[in-house]
Structures are given as C-alpha cells and as structure tokens.
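> Give me a model of this one.
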Amino acid sequence: SGTAALHLALILAGVHAGDYVICQSMTFSASANPIAYLGATPVFIDSETSTWNMDPELLEEAILNLAKKSIKPKAIIPVHLYGMPAKMNELISIGEKYNVPIIEDAAESLGSTFKSKATGTYGSMGVLSFNGNKIITTSGGGALISDDISFIEKAQFLATQARDNAPHYQHSKIGYNYRMSNILAGVGRGQMLVLEDRILQRRRINNWYRSFLSGIAGVNFQSEPNEEYYSNFWLTAITISPELTGKTREDIRMNLSADNIESRPLWKPMHLQPVFKKSPYFGNGVSDKLFEHGLCLPSGSNLTGVDQERIKDSLLNIIN
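Prediction:
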C-alpha cells in the first residue's frame, strides 16, 4: 500500500523512536500514521492559499523553532493534495538548506507535474497509491519510488520479510510483508496504459464543473496557480462562502445526499485530529478554513452524461 511505502521510506530515512518528522497537516491520516508507527513525533505544517499544500514559510519556521531546542527533523513529508502539485521548488530548497530529506506523498497525484517534472520524483523518495479510489488502481497497493537504487534495494529487502542471503531462513533485521502480489502488479501494469486517458477524463470533469459554477459568487476552486502546475484533478474540490452563497458546505453536502449524490468534506487537518492533538503544529488558519468550507465533488472517471446532468441540476437548485 501507499502507507506501507511511506513506512519503508521513513525507515530508509533513518527515523527512529523519539525523532521528529515534519508533515503537511492538510492530508489524509495515512500521511502521518507511519510516523507514529516508528515512535516518532509528527510536526504538522499548515497550508498556503494558492495550492492548499505545505506552506514553505511555515516549514522553515518549524525547522528553526526545532533547532532552538537542538532538534533536527529526520524528514519532511509534503503532500500533493487532490492531485495539485505543491510548491516543490521552494520546499526542496528549504530541505537542502537544512539538510533534511523530503519524502513526497504523491498518493493522490499520479500523472501530475510541476515544471514538467512528475510529482513524486522531486524528493529523495516518493510514495504512490493504487488504492481503489485512485486515478488508476490495483484495488489495493502502492509504490515507493526513488532515483537512489540503494533505497529501492533496501526497500525490497525489508518488504519481503528482510530475509538474508542464505540457503536457510535467516533474518538479521525486522522485515515486513509489504510486497504487492503478482496478480495485482499485473493489473497495475495494465492500468498504466490508460493513465493518460484517466487524467484527461478527470480534467474534463473539472472543467465541466467550472463551466457552470465559476460564475457563482462564493464558489471557488482549487486551481493551478500558473502554467508550471499540471494537476490530474483526482478530485474536484471547491470552497463555499456562506456570506455570498447563503449556503454552508454542509447545506450543499446534505442536499446532494438527499438526491443520492455523494460528496465529502475536505480532509480534516491532522492538527485537528484527536489522535494527534498533542503534536506540534505551525499554522496560519488556512487548513482550518478549507476544512470548514471545502467540499469534494463527484469526480470519478466513470461519470456518465446522465450522472453529470443530475449533479449539475442538483447543485444549481441548491445554490440558487
């Protein structure tokens, strides 16, 4: 799984109990849970407004704050939220400045690029997900990617129970049963052939939503800041301003639900999760507002024309 890949990446980065790992707050819990698996402390960073991803200024503030306590974080985990690339040039620059490796959580952004370079390939390691809800899927599964062959070899070793090179079963390290099955890997290889088609479908769906919602005051989209960003738009995400629309995010979500149309709030930030309430957090309030007002709209590649008309009619009836 993508979660297992991130767990292995943190092990390869040398994370141990008592260490600190910096992580984007606006994400799914799988980005943060592997930090806890290792007994390390997550340090959560809020988002900036243009991509909704890790704020570089807050990242540097966190590193400097930890340094005052003689703490150097072992890794930085930015996330490409809903397929939108993070500000990787700035984040990489900060990681290099303070000699902290970056592990990209690209679980939601397969096929997205920043400056024509694929997300997941900027950091020392990247993590992909092929879960059932992703843009291509093996029903369950993920991948660890890196330009460093030593990381890949160590990951393969650990993912197959860390069996030593001996004729008998010998183990000098703790290993894991994290290997994807051959059948699912075969499914994934077939899915890779249609990845570009799936990306274009998701981008068409995103453009379709914009065609009838962009002109409505109080409805705003997660958008590519400029031509350097190319998102797969895994999910189309919007924010609702009740002051302008007269409707809250929950009003819209519940009305869609009454029409048998599923939508979901944006991820609840990690610093607001009960399980991480004692973790350090460097914030500016952006992710709190995104969670309060944000909604993920139906974005599946298999939406039919009839489905789209139902969604459009329902949304416009609710908002108007």
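> who's in contact with residue 25?
44-47, 269-271, 281, 283, 287 (Cβ atoms under 8 Å, 6 or more residues apart in numbering). In short, each C-beta sits where N, CA and C put it, glycine included.
> 10 Å - rerun?
Taking Cβ atoms under 10 Å, 6 or more residues apart in numbering as the contact definition, residue 25 lies against 31-32, 42-47, 54-55, 58, 79, 267-273, 276, 279, 281-283, 286-288, 291.
> before we move on, what about residue 104?
With Cβ under 10 Å, 6+ apart, residue 104 has these contacts: 6, 9, 76-80, 85-86, 88, 91-92, 118-128, 145.
> Among those residues, which ones are in helices?
With helices taken from DSSP state H, the overlap with the contacts of residue 104 comprises 6, 9, 88, 91-92.
> What about those residues, which one has the most neighbours?
Neighbour tally across these (other Cβ atoms under 10 Å): the maximum, 30 neighbours, falls on residue 6.
> what sits against that one?
23, 30-35, 37, 75, 77, 103-105, 107, 125-127, 129, 142, 144.
> And the helices in this structure?
For the chain, applying DSSP H gives helices covering 2-12, 33-37, 56-68, 88-97, 149-159, 182-192, 195-213, 242-245, 249-258, 286-293, 305-319.
> wait, which of those is closest to residue 169?
The closest of these to residue 169 is helix 149-159. By Cβ to Cβ, the value is 14.2 Å.
> Mind listing residues that contact the closest one?
Contacts with helix 149-159, where a contact means Cβ under 10 Å, 6+ apart, come from 4-5, 7-9, 11-13, 124-125, 143-146, 148, 162-165, 173-180.
> mind showing which ranges of the stretch 1-150 of the chain have poor pLDDT?
The stretch 1-150 of the chain contains no residues with pLDDT under 70.
> and the two most separated of the ones in helices among the contacts of residue 104?
For these, and using Cβ to Cβ, no pair is farther apart than 6 and 92, which are 18.3 Å apart.
> ok so, going back, list buried residues within the contacts of residue 6.
Neighbour counting over these (16 or more other Cβ atoms under 10 Å) leaves 23, 30-35, 75, 77, 103-105, 107, 125-127, 129, 142, 144 as the buried ones.
> Contact partners for residue 48?
Contacts here follow Cβ under 10 Å, 6+ apart; on that basis residue 48 touches 54-59, 86-87, 90, 225, 284, 286-287.
> if I look at it, how far off is residue 111?
Noted for residue 48: a distance of 23 Å to residue 111, by Cβ to Cβ, to the nearest Å.
> ditto for residue 234
Applying Cβ to Cβ, the value for residue 234 to residue 111 is 9 Å.
> shared neighbours, these two?
Residues touching both residue 234 and residue 111 (Cβ under 10 Å, 6+ apart) are 83, 135, 198-199, 202.
> Which of those ranks first by neighbour count?
Among the shared contacts of residue 234 and residue 111, the one with the most neighbours (other Cβ under 10 Å) is residue 83, at 29 neighbours.
> who touches it in this structure?
Contact analysis of residue 83 by Cβ under 10 Å, 6+ apart lists 106-112, 119, 134-135, 199, 202-203, 206, 222, 230-237, 299.
> change it to 6 Å
Contacts for residue 83 were tallied using Cβ atoms under 6 Å, 6 or more residues apart in numbering; they are 108-109, 112, 231-234.
> got it, and residue 160?
Taking Cβ under 6 Å, 6+ apart, we find residue 160 in contact with residue 179.
> from the contacts of residue 48, which is closest to residue 191?
The shortest approach to residue 191 among the contacts of residue 48 belongs to residue 86, at 24.6 Å (Cβ to Cβ).
> Quick check: the gap between the residue nearest to the closest one when sequence neighbours are not counted and residue 229.
In this structure, residue 86 finds its nearest non-sequential neighbour in residue 53, 3.6 Å apart by Cβ to Cβ, 6 or more residues apart in numbering. Residue 53 is 10 Å from residue 229, where distance means Cβ to Cβ.
> Have a look at these two and say which one is more surrounded.
Neighbours around residue 53 and residue 229, counted as other Cβ under 10 Å, are more numerous at residue 53. The numbers are 25 against 21.
> For residue 155, see how far away that one is.
25 Å.
> cool, and residue 254?
Summarising the geometry, the distance separating residue 254 from residue 155, computed by Cβ to Cβ, is 44 Å.
> more crowded one of those two?
residue 155 (23 against 12).
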